[in-house]
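Colleague: Sequence first, then the predicted structure, then my questions.
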Amino acid sequence: MENVYLWIALAPLIGAIIAGLFGRQIGRSGAHWVTSISVAVSFVLSLLAFKHIVIDGAEPFNGAVYTWMVSDGIRFEIGFLIDKLTVLMLLVVTFVSLMVHIYTIGYMRDDPGYQRFFSYIALFTFSMLMLVMANNFLQLFFGWEAVGLVSYLLIGFWYKRESAIYANLKAFLVNRVGDFGFLLGIAAVLVYFNSLDYADVFAAAPHMTDLTIRIFAADEWNLLTVICILLFIGAMGKSAQVPLHVWLPDSMEGPTPISALIHAATMVTAGIFMVARMSPLYELSETALSFVMIIGAITALFMGFLGIVQNDIKRVVAYSTLSQLGYMTVALGASAYAAGIFHLMTHAFFKALLFLAAGSVIIAMHHEQDIRKMGGLKKYMPITYFCMLIGSLALIGFPGFSGFFSKDAIIEAVHHSELAGSGFAYLCVLLGVFVTALYSFRMFFLVFHGKERMDHHAKAHLHESPAVVTLPLILLAIPSAIAGWLFAGPVLFQGYFAESILVLPEHDVLARIGEHFTGAMGFVLHGMMTTPFWLAMAGVGVAYYLYMLRTDLPGQIKNKFQWVYNLLDRKYGFDDFNDSVFAGGGRAVGRSLWKVGDVTMIDGVMVNGTARTIGWLSGVIRVVQSGFLYHYAFAMIIGLLLLLSWFVLA
């Protein structure tokens, strides 16, 4: 099986290299065939690994592929840890990536960078696979930085657009902030554990619970708390948690397929996976768990509010990603790691579905993305309509759909948590249910129902997207509808992650909920009597009333609460603050250094100053060199007198 694991990662890399280096030779069709087949191979092998580990019950694999370096007795290795957590992530990443590859054939068919795009998305898949398969912090960091690099290339894929260059640079710089904390956390692990191997670090962690370190002056900080918070700062960047969330909405500047891949299965899920993998560390620090929970709760609710005022169809879906990542983070903070990973899985299916369905609408509307210029598309695009409906119902957690099982489990887990901040987090995730339903069905109703608001030219050419676009939608709609029925019991309550994720008995909120679990149908029936269900229905009802029945009311509400609208429209001022303080401050410092260092010191003193001094001196010397003999004789006499005086006086 070791060769199978190796080829799961290498297959997409080989496809990316062939499409990237030999794209002109193999042509457009060759590029999409070689990358799609390579990812399909990886998916099939992931199924084989899932069968081997989960169904056949084989022991997890934990071993090195090769040793990169040995320094001072510490081994820096490339190695794989294949357990139930890993194989679940492998299935999600490779399946969603395969759907995106197929979809891209139709969506990008006229783009001049066709081969380059396929090379990038296959490389993106390889980077994420290396991250989730890692058995040590070195390889984790390699995959971590690789997904960041490829996301930079993909967000700025249309590099002739200034907005795309701004967006990819913003994503890159914001993630550097998070990665600085992440790297410090890994450095602390190396210093205090003298190893980068997961198994060694996790085994030693219980013996380090009382160890403190001094950071500022005389303050003593718990070592594990510091490490966990530093690692989570990295997750805040990758998984777009407040305040390092600002890059994710702007990532919409990339083509729609990459929006689906980033938001569903690759980059943004890396932070969630990492915290779950590090559960043996986080379980030993309730301070870190509370910090994670509160950050996630703020992100879940307040990023959801921003989705209400968005009019770009992709940005509405993007802000829903921010909110749902907040839900996953809250689950991690409540020690409900299984619920967080389960929501990561279900979210990958329905979020990829929503993005690709949005892309289908954009194709039909000739790249119009403003939902205020749509309406009544149901009769023109029936397949896209039903797929978008399934995705939206899964997103709001409608009973029976995949998102219901994972989201309700998170809400209940937070409700049962006794950690500091759990009350605040519960309120946020509860209100977030109403907000999610409101902005999701606001978009759904404005796009597919009501009056047709598109221009006559767009209306004349409206039709359903081609099969190469709709087939991935249908294939993603299936798990979005049924995944919860298949996996809710085993993953949430029946110990699927028992060997992969550590949860201390006093933190095991899912075990308490599982005592009352009677099956998926019982979960659904119970869900229909709980507050989240009625809040979701209220959100759908309000959206229908405002955008289908009383279309004049949204404008009146906006005018009456203009300050609230402005606050949401300006995204709470985060972008203004970053642009004025960090970007503006950086430019101001740069200008000051340029004026002082370049203009004043280098140009003024060293270059131009030297030239002026030499010019002045040469002017003086030029006057002395008159050409008259008596001037020279007089100078010689004066010089002789000065020399004699110096000798006599000395």
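Modeller: All right, it came through fine.
Colleague: Please make it C-alpha for all contacts and neighbour counts, starting now.
Modeller: Fine.
Colleague: show me the residues around Tyr319 that make contact.
Modeller: Taking C-alpha atoms under 8 Å, 6 or more residues apart in numbering as the definition of contact, the neighbours of Tyr319 are 249, 303-304, 306-307.
Colleague: which stretches of the stretch 201-350 of the chain aren't confidently modelled?
Modeller: Across the stretch 201-350 of the chain, the stretches falling below the confidence threshold (pLDDT under 70) are 217-218.
Colleague: and the longest strand along the chain, which strands flank it?
Modeller: In the chain, taking DSSP state E as the definition, the longest strand is strand 61-71. The partner list of strand 61-71 in its sheet, established with DSSP bridges, is strand 74-82 (antiparallel).
Colleague: Now the partner strand: buried residues?
Modeller: For strand 74-82, the neighbour count (16 or more other C-alpha atoms under 10 Å) marks 75-82 as buried.
Colleague: same check, this time on stretch 63-77
Modeller: Residues of stretch 63-77 classed as buried: 63-64, 75-77 (neighbour count, 16+ other C-alpha under 10 Å).
Colleague: what separates it from the chain centre, distance-wise?
Modeller: 29 Å (C-alpha atoms, centre = their mean, to the nearest Å).
Colleague: and it, how far apart are its ends?
Modeller: Criterion C-alpha to C-alpha, to the nearest Å; first-to-last residue distance in stretch 63-77 is 9 Å.
Colleague: Would you map the helices across the stretch 1-150 of the chain?
Modeller: In order along the chain, the stretch 1-150 of the chain carries the following helices (DSSP state H, counting those that start in this stretch): 2-21, 23-50, 84-107, 114-133, 137-155.
Colleague: follow-up on the earlier one: so which of the contacts of Tyr319 belong to strands?
Modeller: Judged by DSSP E, the contacts of Tyr319 include no members of strands.
Colleague: Out of these, the closest to Phe216 would be?
Modeller: Distances from those to Phe216 were compared by C-alpha to C-alpha; the smallest belongs to Met303, at 33.2 Å.
Colleague: Without its sequence neighbours, what residue ends up closest to that closest one?
Modeller: For Met303, the nearest residue in space outside its immediate sequence neighbours is Ser323; the separation is 5.4 Å by C-alpha to C-alpha, 6 or more residues apart in numbering.
Colleague: I'd say that neighbour and Leu306 touch.
Modeller: No: using C-alpha atoms under 8 Å, Ser323 and Leu306 do not qualify as a contacting pair, with a distance of 9.5 Å.
Colleague: More neighbours: which of the two?
Modeller: When Ser323 is set against Leu306 and neighbours are counted by other C-alpha atoms under 10 Å, the residue ahead is Ser323, at 31 against 24.
Colleague: where's that one, which helix or strand?
Modeller: helix 313-333 (DSSP states H and E).
Colleague: and that helix, how far out from the chain's middle?
Modeller: When distances are taken as C-alpha atoms, centre = their mean, helix 313-333 is centred 10 Å away from the chain's centroid.
Colleague: What's the end-to-end length of stretch 451-469?
Modeller: End to end - C-alpha to C-alpha - stretch 451-469 spans 26 Å.
Colleague: just stretch 327-345 next, same as before
Modeller: Stretch 327-345: ends 13 Å apart by C-alpha to C-alpha.
Colleague: Quick check: buried residues in it?
Modeller: Neighbour counts using 16+ other C-alpha under 10 Å place 327-345 of stretch 327-345 among the buried residues.
Colleague: again, but for stretch 547-563
Modeller: Of the residues in stretch 547-563, those scored as buried under the neighbour-count criterion (16+ other C-alpha under 10 Å) are 547-548.
Colleague: ok, residues contacting that stretch?
Modeller: Residues outside stretch 547-563 that contact it (C-alpha under 8 Å, 6+ apart) are 442, 445-446, 449-450, 545-546, 565.
Colleague: Ok, stretch 119-130 next?
Modeller: The contact list for stretch 119-130 (C-alpha under 8 Å, 6+ apart) reads 8-13, 15-20, 31, 35, 39, 90, 93-94, 97, 101, 139-140, 142-144, 146-147, 150-151, 153-154, 258, 266-267, 270.
Colleague: Check whether Leu446 really touches Leu377, as I assumed.
Modeller: No: because the distance of 9.3 Å does not satisfy C-alpha under 8 Å, Leu446 is recorded as not touching Leu377.
Colleague: residue ranges for the strands of the protein, please.
Modeller: When secondary structure is read from DSSP E, the chain shows strands at 61-71, 74-82, 212-214, 220-222.
Colleague: Could you name the helices and strands sitting against the third one?
Modeller: Read it as strand 212-214. Identification of packing neighbours for strand 212-214 by 3 or more C-alpha pairs under 8 Å, 6 or more residues apart in numbering; DSSP states H and E yields strand 220-222.
Colleague: Direction included, what does the strand it packs on pair against?
Modeller: As defined by DSSP bridges, the strand partners of strand 220-222 come to strand 212-214 (antiparallel).
Colleague: my read: Ala536 touches Val433, true?
Modeller: Yes: applying C-alpha under 8 Å as the test, Ala536 and Val433 come out as touching, 5.6 Å apart.
Colleague: tell me, what's touching these two both at once?
Modeller: Joint contacts of Ala536 and Val433 (C-alpha under 8 Å, 6+ apart) are Ile396.
Colleague: Those two: which has the busier surroundings?
Modeller: The neighbour count for Ala536 versus Val433, taken as other C-alpha under 10 Å, is higher for Val433 (29 against 24).
Colleague: I'd assumed Leu535 was in contact with that one.
Modeller: Yes: under the criterion of C-alpha under 8 Å, Val433 is in contact with Leu535, at a separation of 6.2 Å.
Colleague: I'd like to check the angle between the longest helix along the chain and strand 74-82, please.
Modeller: The single longest helix within the chain, with elements called by DSSP state H, is helix 162-193. Here helix 162-193 points in a direction 110 degrees away from that of strand 74-82 (axes from the mean of the first three to the mean of the last three C-alpha atoms, to 10 degrees).
Colleague: This completes my enquiry, with thanks.
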